[in-house]
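Engineer: Give me coordinates for this.
(2 chains)
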Amino acid sequence: MKKNVYEPRYRYHAGTVAWILHRLSGLALILYLAMHIWVIHHLNRPLDFNNIMAFLNEPVFKILELGLWGVIVYHALNGLRIIMIDFFTRKGAAVQKQMFWGAVVLGVVVFAAGAIPFVGTMIK
Amino acid sequence: MNTKLVTGDSGVKRWFYQRLTGIFLAVLLIVHFAVMHFTGTGETNYQIVEARLASPLWKTFDLAFLAFALYHGMAGLWVVIDDYVHRDGWRLLIYSAAVLAAVLFFTLGAVTIITFRPHIVWFPPKV
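Structural biologist: Numbering: from 1, shown residues only, chains lettered A, B, ... in the order given. I've put the predicted structure just below:
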């Protein structure tokens, strides 16, 4: 007898990709938040704190930081897209795919706006 | 199918708070990012953080940021666990561990912010 289990078939489209990325970026941000709290708690020992900050100035962490900025921008803008889908009940869901691409375009602009000055100070 | 760990509420409050805290976080993040990367030289060291954290306003800001971010993250994690972990025991175990970790990290963060005392001497003692 076939087990009575719901086996959804997914059709992958912009909305599906947006959902998967939102989930992955959210999990990544939880991980980052934990590490961030851990690093900042060294504020009670100024010398340790400055040593850690100097260590985090290594290029590899700067590149990771750039990645973090991308993940944040995506999660924030797609989050706003979800809010618009939920609250603009007449139009929101109907244009969710267009809003995904809108979020992507806006995201690239916002990412660049933060990343360009960041890379600027990095090279200096 | 999970039966025991269903709370019975529709989850509409959690749904609403997730969106509300999301908007708060977006606003706080803009301020945080602007202050961290668009003021000063863009670098971070003890002296820079100290000057900011000497102000109760920044302490309040950071505490709010910490609380909202952890709440939002845990609520999101709950949805993810809810989707993929179907056995009651595992669900309880994984989520309990996550909540415990969140409480510990909130305490660590809150203690760091609240008990922070700047080493800046605003009023040097008279000799």
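Engineer: Find the helix or strand that whichever residue of chain A sits closest to chain B is a member of.
Structural biologist: Using CB to the nearest CB, the closest approach of chain A to chain B is made by A:Thr121 at 3.9 Å. Where C-beta positions appear, they are placed from N, C-alpha and C, glycine not excepted. Per DSSP states H and E: A:Thr121 is located in helix A:96-123.
Engineer: what packs against that helix?
Structural biologist: Contact analysis of helix A:96-123 by 3 or more CB pairs under 8 Å, 6 or more residues apart in numbering or on different chains; DSSP states H and E lists helix A:14-40, helix A:59-87, helix B:12-37 as its packing neighbours.
Engineer: want to throw those into a markdown table with mean neighbour count, mean pLDDT and distance to B:Leu92?
Structural biologist: Formatted as a markdown table, those follow (neighbours: other CB atoms under 10 Å in any protein chain shown; pLDDT from 0 to 100; distance: least, CB to CB, whole Å):
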| stretch | mean neighbour count | mean pLDDT | distance to B:Leu92 |
| --- | --- | --- | --- |
| helix A:14-40 | 16 | 93 | 19 |
| helix A:59-87 | 17 | 92 | 28 |
| helix B:12-37 | 15 | 91 | 18 |
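Engineer: These: which one's closest to A:Phe100?
Structural biologist: helix A:14-40 (4.4 Å; CB to CB).
Engineer: before we move on, back to that, which of the helices and strands packed on helix A:96-123 sits closest to B:Tyr71?
Structural biologist: Using CB to CB, the helices and strands packed on helix A:96-123 put helix B:12-37 closest to B:Tyr71, at 5.8 Å.
Engineer: for the closest one, packing partners?
Structural biologist: Against helix B:12-37 (3+ CB pairs under 8 Å, 6+ apart) you get helix A:59-87, helix A:96-123, helix B:56-84.
Engineer: so what pLDDT did B:Asn2 get?
Structural biologist: Note for B:Asn2: predicted pLDDT of 49.
Engineer: can you list the residues that contact stretch B:50-70?
Structural biologist: Contacting residues not belonging to stretch B:50-70 are listed as A:33, A:37, A:43, A:46, B:21, B:24-25, B:28, B:31-32, B:35, B:102, B:105-106, B:109-110, B:113-114, B:116, B:118-120 [CB atoms under 8 Å, 6 or more residues apart in numbering or on different chains].
Engineer: again but with stretch A:101-120, I slipped
Structural biologist: Defining contact as CB under 8 Å, 6+ apart, one finds that stretch A:101-120 is touched by A:14, A:18, A:65-66, A:69-70, A:73-74, A:77-78, A:80-81, B:33, B:37-38, B:42.
Engineer: cutoff 10 Å now
Structural biologist: A:14, A:17-18, A:62-63, A:65-66, A:69-70, A:72-82, A:84, A:95, A:99, A:122, B:30, B:33-34, B:36-38, B:42 (CB atoms under 10 Å, 6 or more residues apart in numbering or on different chains).
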